[in-house]
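*Asks:* Give me the fold of what follows.
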Amino acid sequence: RTRQLSPHHADLRPHQTISSWLRGVMASMSSTKQLFGLFLVFFIINNYFETTVSEKFYSLTEKQRYDGWFNNLAHPEWGSVDGQMTRKTPPAYSDGVYMLAGMDRPSARTLSTLFMKGEDGMPSTKNRTALLAFFGQVVSSEIVMASESGCPIEMHEIEIDKCDEMYDKDCEGGKYIPFHRAGYDRTTGTSPNSPRQQINRVSSWIDGSFIYSTSEAWLNAMRSFANGTLLTDGSGKMPVKNTMRVPLFNNPVPHHLRTLSPERLYLLGDARSNQNPALLSFSILFFRWHNFIANQIEEKHPELSDEEIFQKTRRIVIASLQAAPFLPTRATRWTSTRAYHTCSRQPHSVSGTLSFPLEYTDVMRSATSKPPSKEIRQSGFVRTGGTRIW
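*Replies:* Predicted structure coming up:
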């Protein structure tokens, strides 16, 4: 059986006191102060019931999303994952809708061969190394991923000239390089008024998506859930291997000519992180930087929870990435910050294409720098794509 407690019972008195106090507070407020009053009430109730410090801190701390949404509160979708690429020029599809352009132009392989011939080893006039080129790839990976194939896959061919020195050494002719067209918004590409629009698979903000991914589920696979750190191997310095089979890019290795197990790859935040040694080095660098900062915060504030330490560390790491003086060395003109409020932050279709040639360049520090020996260069050990690291 249950019994009705009297209004003056000791078990009810504190709650009645709070209820009466709340009614008095709310009645004394004007309509313009209601919001502030509710916040104040929430804060006092938390203290009254002796909520832990960590719970209070986390409940009052804004958590930045991983997928780019709500970076701009006035336009929450700007810069978000799977947003359409921005166009600054009209599309050049051969039919004005979706068919490939440039069918009457020389093939991409022919142009590449002509443009890339000539002497290499020219020094940088500003003493820049390949490190700059590969950090450019980090920045481009941070803000754009639009060349990946869609579903269903659209297969096309790049024609190869007869007797091509790499692909047709026997002069047989009729050779080609297969490639997949980029994915696009399926609601477009239906008429001249709605030409095909490519989409960006990552957040277009410099918000650490290259480090933490754009998916909380993916990130959770990377986290240790202890002291705000990311999961490491037995050494405590390197990320774990991809035994969870997160969908990292796992293209066939050239010297094996077949796809290998995805479990050999490091589990990192960007699907492309294992693409080449330099990009992997940057990925591990920021991975270890996160854990270093997290350990520093945990030492100074042992009362904080794992989630608090992780989010504070994430904000610091993102700020470190944003503060890297890369863009000032590459750009000569800056857009006013008003553009943040007036322009969509999705990358341009052209910039998404042109941001990658940085990684296909030979960069030597200066005339006094010595390149690797011919044997090492021919081995391909320091060659990634079209770039030699000197």
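
*Asks:* contact partners of stretch 259-267?
*Replies:* 221-222, 231, 238-246, 248, 250-253, 273-274, 280, 283-284 (C-beta atoms under 8 Å, 6 or more residues apart in numbering). Just so you know, the C-beta spots here come from the backbone N, C-alpha and C atoms, and that holds for glycine as well.

*Asks:* An error on my part: the question was meant for stretch 237-252.
*Replies:* Against stretch 237-252 from outside (C-beta under 8 Å, 6+ apart): 218, 221-222, 230-233, 258-260, 262-268, 271-275, 284, 287-288.

*Asks:* Just the buried ones from these?
*Replies:* 218, 221-222, 230-231, 262, 265-268, 271-275, 284, 287-288 (16 or more other C-beta atoms under 10 Å).

*Asks:* So which of the residues you listed sit within helices?
*Replies:* Trp218, Ala221, Met222, Ile284, Phe287, Arg288 (DSSP state H).

*Asks:* Using TSV, please lay out those residues together with pLDDT and distance to Phe310.
*Replies:* Shown next, in TSV, are these (pLDDT from 0 to 100; distance: C-beta to C-beta, whole Å):
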residue	pLDDT	distance to Phe310
Trp218	95	15
Ala221	95	14
Met222	96	11
Ile284	96	18
Phe287	97	13
Arg288	97	15
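
*Asks:* Looking at those residues, which one is closest to Ser191?
*Replies:* Nearest to Ser191, judged by C-beta to C-beta, of those is Trp218 at 36.4 Å.

*Asks:* per-residue confidence at Ser213?
*Replies:* Looking at Ser213, its pLDDT reads 95.

*Asks:* what about it, how many neighbours?
*Replies:* By other C-beta atoms under 10 Å, the residues close to Ser213 number 24.

*Asks:* cool, and Ala101?
*Replies:* Neighbours around Ala101, by other C-beta under 10 Å: 12.

*Asks:* and if you look at the one 10 residues further on?
*Replies:* When neighbours are counted by other C-beta under 10 Å, Leu111 registers 11.

*Asks:* just Gly189 next, same as before
*Replies:* 16.

*Asks:* Break down the stretch 1-150 of the chain into its helices, ranges please.
*Replies:* Assigned by DSSP state H, counting those that start in this stretch, the helices in the stretch 1-150 of the chain fall at 13-28, 34-48, 53-59, 108-116, 130-143.

*Asks:* Going by mean pLDDT, which of those helices comes out lowest?
*Replies:* Across the helices of the stretch 1-150 of the chain, helix 53-59 gives the lowest mean pLDDT, at a mean of 45.

*Asks:* Do a quick rundown of the strands in the stretch 51-200 of the chain.
*Replies:* For the stretch 51-200 of the chain, the strands defined by DSSP state E, counting those that start in this stretch occupy 83-84, 155-159, 176-180, 199-200.

*Asks:* if you compare these, which one is most tucked away?
*Replies:* Most buried of the strands of the stretch 51-200 of the chain, by mean neighbour count (mean count of other C-beta atoms under 10 Å): strand 199-200, with a mean of 22.
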